[in-house]
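Peer 1: 3D, please:
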Amino acid sequence: MRVDGSDRGMLRGVTILINPWADPDQWIGAFSELLPNEELEVWPDCSNPEAVEMLIAWRMKRSDLATFTNLDTIFSMGAGVDQWLREGSPDVRLVRLADPAMAGEMAAYALHWVSHYQRAFGQRYDPASLDTWGINTAPVAREYTVGLLGFGQIGRRIGAAFNDLGYEVNAWSRGGTDDDWVTSFAGLDELEAFLGSCDAVVNVLPNTAETAGLLTAERFAQFKAGATFVNIGRGTVVSDETELVASLDAGHLGAAVLDVTNPEPPLADAPVLHHPKIRVTPHISGMTQMATAAELIAENIQRIRRGEAPFPTVDRGAGY
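Peer 2: Reported below is the predicted structural model:
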């Protein structure tokens, strides 16, 4: 039986439950300091599942979630939320983690890999090529266009980092943007033009019904010849990884960097792990940072206690 707010005090031990994937003592220590008046417990030591009011976690088994019959709010411990939108998950208020510290990490990751390929930092010199020492043939920043596939909080942070360094920045999103420092593309009708105008494309799209399988063989053919593709959003945006490999083998795409794959982690024999033009990193482009994440989540819990709305909440219809 679900109870309303006036009856919550009748439940012994109304609880904020924390389910971190690592360092539980550090997480409970941080939240205990930030929320000294709250009753906090760490999974799996939950004294009364019916009293769990708020859950702070990255993911959790749906069978366990079903025991929290008075759950009101889930705070995701990461930027992604698709794990909370699957069939059988509780239909409660869902709050994303929009941490500027994580967005900054992802911007640094994108800058590293885009500049690595833009400026041919992977090139090795041997005695036969020393006569070209000191000669730079790579395009400078103002001659190089970086495209953001997705332009929310993380996309804007990445785009701003490139813009500050003098790169041309394009942004594609469902509704477009009026930011005057980017060239905006909106909707599927403008996706081909966007892809064909970028020397590097950085994907930061979430996993939704609209974005899953967005990049097909046809779309990879629309990329600018020699372009670099960096995926730090979700692996599901690529319809079939063999189509990405085929575009690289054909010489159309120049390189790909995948921080996310589908499935994740990839199978040991997955072509993306062994292709000479693909670099794979293990979903580390932006990590949840306990100090800043705990502060943001605690601030939202305090808003709820004051009768205010937390933010950013997830639009379940949109999927993010």
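
Peer 1: Got the domain ranges for this protein?
Peer 2: 5-99+288-305, 100-280 (automatic domain parsing).

Peer 1: nearest to R316, of the ones you listed?
Peer 2: domain 5-99+288-305 (6.5 Å; Cβ to Cβ). Heads up, the C-betas are built off the backbone N, CA and C, glycines and all.

Peer 1: any idea how far the residue minimising distance to the centre of the chain lies from M77?
Peer 2: Geometric centre of the chain, nearest residue: G233, 4.6 Å, by Cα atoms, centre = their mean. As judged by Cβ to Cβ, to the nearest Å, G233 and M77 stand 18 Å apart.

Peer 1: How is the residue nearest to the centre of the chain assigned, secondary-structure-wise?
Peer 2: coil (DSSP: H, G, I helix; E, B strand; the rest coil).

Peer 1: likewise V146?
Peer 2: Of the three states, V146 takes strand under three-state DSSP.

Peer 1: That one and D164 touch, don't they?
Peer 2: No: with contact defined as Cβ atoms under 8 Å, V146 and D164 do not form a contacting pair (11.9 Å).

Peer 1: Off-centre distance for stretch 93-112?
Peer 2: 7 Å (Cα atoms, centre = their mean, to the nearest Å).

Peer 1: could I have that stretch exported to PDB, CA atoms only?
Peer 2: Provided in PDB are the C-alpha atoms of stretch 93-112 (Å, rounded to 0.1, in the frame of the first residue of the first chain):
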ATOM      1  CA  ARG A  93       9.900  10.900 -10.300                       C
ATOM      2  CA  LEU A  94      13.400  10.500 -11.800                       C
ATOM      3  CA  VAL A  95      16.200  13.000 -11.400                       C
ATOM      4  CA  ARG A  96      19.200  13.100 -13.700                       C
ATOM      5  CA  LEU A  97      22.700  13.900 -12.500                       C
ATOM      6  CA  ALA A  98      23.800  17.100 -14.400                       C
ATOM      7  CA  ASP A  99      27.200  17.600 -12.900                       C
ATOM      8  CA  PRO A 100      29.400  20.300 -14.500                       C
ATOM      9  CA  ALA A 101      32.500  18.400 -13.200                       C
ATOM     10  CA  MET A 102      31.500  15.300 -15.200                       C
ATOM     11  CA  ALA A 103      30.700  17.500 -18.300                       C
ATOM     12  CA  GLY A 104      34.200  19.000 -18.000                       C
ATOM     13  CA  GLU A 105      35.800  15.600 -18.000                       C
ATOM     14  CA  MET A 106      33.900  14.700 -21.100                       C
ATOM     15  CA  ALA A 107      35.000  17.900 -22.800                       C
ATOM     16  CA  ALA A 108      38.600  17.100 -22.000                       C
ATOM     17  CA  TYR A 109      38.100  13.600 -23.500                       C
ATOM     18  CA  ALA A 110      36.600  15.000 -26.700                       C
ATOM     19  CA  LEU A 111      39.400  17.600 -27.000                       C
ATOM     20  CA  HIS A 112      42.000  15.000 -26.600                       C
END
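
Peer 1: Can you mark which positions in it are buried?
Peer 2: 93-97, 99, 102-107, 109-111 (16 or more other Cβ atoms under 10 Å).

Peer 1: How about stretch 165-183?
Peer 2: Buried-residue list, stretch 165-183, by 16+ other Cβ under 10 Å: Y167, E168, V169, N170, A171, W172, S173, T177, V182, T183.

Peer 1: element containing the third one, please.
Peer 2: Here V169 sits within strand 168-173, counting by DSSP states H and E.

Peer 1: Same question for I18.
Peer 2: strand 15-19.

Peer 1: sorry, back to before: turn the buried residues of stretch 165-183 into TSV, columns for pLDDT.
Peer 2: Output for the buried residues of stretch 165-183, formatted as TSV (pLDDT from 0 to 100):
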residue	pLDDT
Y167	98
E168	98
V169	98
N170	98
A171	98
W172	98
S173	96
T177	95
V182	98
T183	98
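
Peer 1: That concludes my questions; thank you for your assistance.
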